[in-house]
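**Student:** Only the shape, not the letters, is given here:
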Ligand code: NAD
């Protein structure tokens, strides 16, 4: 059993904890919170051992005052685990990395950290093998994970891809009251934006640039993608759809036939299928929005930002601990376990 510590039990951390709990080859060693709050109730209900994000005795004692059983500080948790999944807010990485190195524990960061922190990044379909046995890595952001799901299989088929995409980003997560905009469209003025090129940290062979705007919605990101295939690629719109249909964690549905024309309906469908929090781990592609004209492919995809990286974290744990060398085997194990955990 791989013992997994989860440092930071927020939007991503609580989902990673559930996904770990769903697997038969790993167990939640513990989760951390900065102090007593409603999130501790969730940990208690699930039976996940609760620790403090640091070792300060006053901070640890504050949990008991709030009515929670805190088992100790971060160092105690790291000593009881084989790997830590860092789910702290972005840009805390450097500080936390030094703690993980001091504890001699394998570590996985999230997309809020830069690739340079670990010098290695991860998505299941792009570079599982390159991460096997590594000491530390970074599961790329929700946007990069989504790009990887559709572009990597296409690249494997065509052997060359030049991509331009526009990321239409949700302004905040549903539980986030401190971000915006709430009545504006906010372009990222650093062009190209970092989002598309981040894909090259896991698949450097794909040439990609992006523009990004934030819009007043909380539920999903949408990508508008233009990809140039090499001449003589031999693909058609139908064969690309077929390729994606047989690709794990890509969900194709139709705007006209399924009447899913906006991200609101995508999320309603996700709530219907019964995953907790209404999550959708798959990248959603509108099949009637895919069109190959000559060598140029146009398509839209939607990303459930809070959840598409969750199963990737599970595969990444197996890569670091060298317990599964084949990414597709890990992906089916992860996804089947999550599905049966939620009775789907
Ligand atoms: P969050 O704010 O929802 O949760 C972060 C948790 O970490 C909170 O419980 C917070 O109390 C705790 N925390 C605070 N300081 C800490 C510290 N020093 N050490 C450990 N924990 C600490 O954040 P999130 O949205 O879950 O994001 C976590 C990471 O995942 C970030 O790198 C983010 O960029 C990335 N990510 C987020 C999303 C998303 O849509 N929310 C998607 C993909 C990746």
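**Tutor:** Looks like it arrived, so ask away. Quick caveat: nothing in here was measured; it's all calculated off a predicted structure.
**Student:** Please make it C-alpha for all contacts and neighbour counts, starting now.
**Tutor:** Fine.
**Student:** and residue 344, how many neighbours does it have?
**Tutor:** Residues near residue 344, counting by other C-alpha atoms under 10 Å, number 10.
**Student:** near the ligand, which residues of the protein?
**Tutor:** Applying C-alpha under 6 Å from any ligand atom, one finds that the chain approaches the ligand through 7-13, 33-34, 53, 87-90, 92, 110-113, 141-142, 305-306.
**Student:** Go again with 5 Å.
**Tutor:** When proximity is defined by C-alpha under 5 Å from any ligand atom, the chain lies next to the ligand at 7-12, 87-90, 110-112, 141-142, 305-306.
**Student:** Now a ChimeraX select for only the buried ones of the residues you listed.
**Tutor:** Buried subset of these, written as a ChimeraX selection, criterion 16 or more other C-alpha atoms under 10 Å:
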select :7,8,9,10,11,12,87,88,110,111,112,141,142,305,306
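**Student:** Now intersect the residues of the chain next to the ligand with the helices, please.
**Tutor:** Filtering these for membership in helices, criterion DSSP state H, returns 11-12, 142.
**Student:** Tabulate those (JSON lines), appending pLDDT.
**Tutor:** Below are those laid out as JSON lines (pLDDT from 0 to 100):
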{"residue": "11", "pLDDT": "98"}
{"residue": "12", "pLDDT": "98"}
{"residue": "142", "pLDDT": "98"}
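**Student:** any idea which of these is closest to residue 192?
**Tutor:** residue 142 (18.1 Å; C-alpha to C-alpha).
**Student:** Let's see which of the residues of the chain next to the ligand end up in strands.
**Tutor:** The strands, defined by DSSP state E, take in residue 7 from the residues of the chain next to the ligand.
**Student:** In space, what's closest to the residue nearest the centre of the chain - neighbours in sequence excluded?
**Tutor:** Closest residue to the average C-alpha location of the chain: residue 309 at 1.5 Å, with C-alpha atoms, centre = their mean. Nearest non-adjacent residue to residue 309, counting by C-alpha to C-alpha, 6 or more residues apart in numbering: residue 142, 5.7 Å away.
**Student:** Please produce a markdown table containing the ones in helices among the residues of the chain next to the ligand, extended by distance to residue 207.
**Tutor:** Listed next are those as a markdown table, based on distance: C-alpha to C-alpha, whole Å:
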| residue | distance to residue 207 |
| --- | --- |
| 11 | 31 |
| 12 | 29 |
| 142 | 19 |
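**Student:** Just the local confidence number for residue 93, please.
**Tutor:** As predicted, residue 93 sits at a pLDDT of 89.
**Student:** got it, and residue 340?
**Tutor:** Taking residue 340 on its own, its pLDDT is 94.
**Student:** Could you chop this protein up by domain?
**Tutor:** For the chain, whose domains are defined here by automatic domain parsing, the residue ranges read 2-140+309-341, 142-303.
**Student:** Just name the most buried of those.
**Tutor:** Across the domains of the chain, averaging neighbours per residue (mean count of other C-alpha atoms under 10 Å) puts domain 2-140+309-341 on top, at a mean of 20.
**Student:** quick one: that domain to chain centroid distance?
**Tutor:** Between the centre of domain 2-140+309-341 and the centre of its chain there are 13 Å (C-alpha atoms, centre = their mean, to the nearest Å).
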